[in-house]
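[1] I'll drop the sequence and a predicted model, then ask my questions.
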Amino acid sequence: MALSKKLNNKPLVIKIGGAILEKASALQSLLTVIASLQNQAVVLVHGGGCVVDEMLSQAGFTTEKKHGLRVTPQEQMQIISGALAGSVNKSIVAAASSLNMHAVGLSLSDGNMVSCTLSEKDLGMVGEPSAQCSKLLDSLINANFLPIISSIGSLKSGELVNVNADDAAVAICKLLNAELLLLTDVNGVKDGSGQYIPSLNNEQASSLIDQGVIAGGMTAKVNAALNAANQLRRSIAVASWQSPEQIIHLLNGENIGTRIQPSS
Ligand SMILES: Nc1ncnc2c1ncn2[C@@H]1O[C@H](COP(=O)(O)OP(=O)(O)O)[C@@H](O)[C@H]1O
Ligand SMILES: CC(=O)N[C@@H](CCC(=O)OP(=O)(O)O)C(=O)O
C-alpha cells in the first residue's frame, strides 16, 4: 500500500488502550504501521487498565470504577504507577526498540509536559491533567524519537496521581495542537442495536450515556474526545487498534471508526 505523506504539519497523538498490551502481535502490527509513516510525527499515549486490574487483584485489592474511572486509594498508587509507568511503559518501549524505532518512555510530569490537580469526583488519587510545557516533546519529535507516554502524573505537592489514559492523550494533544486518534478494542462507538455510529455529537453522546448504551470505559473515552473536540474545534476519531492500517486512511483524510464532533 502506498504510504501516506502527512495530511498537515500536526503531530499525530495515538492513544492505545490496555487490551493491545496483552496481544504482542497486535502491538507489533501497530508499531510497524507507525514506523512506516513518512514525515509524520507520532506520539503514543498508553493506558493499561487490564494490567492494573491484574496487579491489584494479585496484591489482594479490589477495584471499583465510577463512570469508567478507577477509584484510586492512596495505598494502591504504588502498584498502579509501577504497572503503568513501569511495566507497561517499558514493555511498549522495548517492543518499539525491537523494531529499530527510537522510542523514549515518559510519564506526564517529565519535562513538565502536563500538570495535574486532584479530581473533584471523589475518586481518591485520580488526577485531572492540563497541558503545560511542550519543550521536551518538541525536542524529541524534532530529533525523530518516538515518545511513548504513560498516564501517571503528579500534583503540585509532588504526589503521584492516576490519570485516565484517554484524558492524558487529550492533554498531550492540546499541548501539541495535534491530531488525536483514540484506538481501542472495538471499531468505534456502537448504538443501542450494536451498530457502529460514524459520527457522534454532544447531544447524541449524552443521550446514549444516559440510556446506558455507552458505558464503562467507553464513557470516559467519549467524554475525553468531546472535551478535545470542543477545545480544538475539530472532530476526534475513535477506532480499533485491530486494524492499524486505518491510521493511513485517517492521514489520507478518510473517515475511520466513530468521529466525535465539536458542538456547533
Ligand atoms: N456504546 C459502546 N460502543 C462501543 N464499546 C462500548 C460501548 N459501551 C461500552 N463499551 C465498551 O467499552 C470498551 C472500550 O473501553 P475500554 O475497555 O476502557 O477501552 P481502552 O482500554 O481501549 O481504553 C469496549 O470494549 C466495550 O466493551
Ligand atoms: C483514573 C483511571 O481510570 N485510570 C486508568 C489509567 C489506565 C487507563 O486509562 O487504561 P486504559 O486506557 O487501558 O483503560 C486506570 O487506572 O485504569
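    Thanks, I have it. Owing to the predicted nature of the structure, the values given are computational and were not obtained by experimental measurement. Residues are numbered from 1 along each chain as shown. Ligands and ions are numbered 1, 2, ... in the order given.

[2] how many residues are close by Gln74?
    By other C-beta atoms under 10 Å, the residues close to Gln74 number 10. Where you see a C-beta, it was placed from the backbone N, CA and C, and this is true even at glycine.

[3] what sits against it?
    Shown in contact with Gln74 (C-beta atoms under 8 Å, 6 or more residues apart in numbering): 124-125.

[4] what's the nearest residue to the residue of the chain found nearest ligand 2 if we skip its chain neighbours?
    Taking C-beta to the nearest ligand atom, ligand 2 has its nearest neighbour within the chain at Gly47, 2.0 Å off. Leaving aside its chain neighbours, Gly47 sits nearest to Ala165 (3.2 Å; criterion: C-beta to C-beta, 6 or more residues apart in numbering).

[5] now do the contacts for the one you found.
    For Ala165, the contacting residues are 15, 17, 45-49, 150-151, by C-beta under 8 Å, 6+ apart.

[6] try it again at 10 Å.
    The contact partners of Ala165, by C-beta atoms under 10 Å, 6 or more residues apart in numbering, come to 15-18, 45-49, 84, 88, 149-152, 182, 217, 220-221, 224.

[7] now do Trp241
    Trp241 neighbours (C-beta under 10 Å, 6+ apart): 14-17, 19-20, 23, 26-27, 29-30, 33, 181-187, 247.

[8] and these near ligand 1, which?
    Filtering the contacts of Trp241 for neighbours of ligand 1 using C-beta under 6 Å from any ligand atom leaves 17, 19, 184-186.

[9] neighbour-wise, which of these leads?
    If you count neighbours using other C-beta under 10 Å, the busiest of the ones next to ligand 1 among the contacts of Trp241 is Thr184, which has 24 neighbours.

[10] mind listing what that one touches?
    Shown in contact with Thr184 (C-beta under 10 Å, 6+ apart): 15-20, 47, 166, 217-218, 221, 238-242, 257.

[11] if we go to 8 Å?
    Applying C-beta under 8 Å, 6+ apart, we find Thr184 in contact with 17, 19, 217-218, 221, 238-241.

[12] then Lys135?
    So Lys135 contacts Gly111 (C-beta under 8 Å, 6+ apart).

[13] ok and the residue in the stretch 101-250 of the chain nearest ligand 1?
    Gly217 (1.7 Å).

[14] just read off the phi/psi values of that residue.
    Listed backbone geometry of Gly217 is phi -60, psi -30, with angles given as degrees, to the nearest 10.
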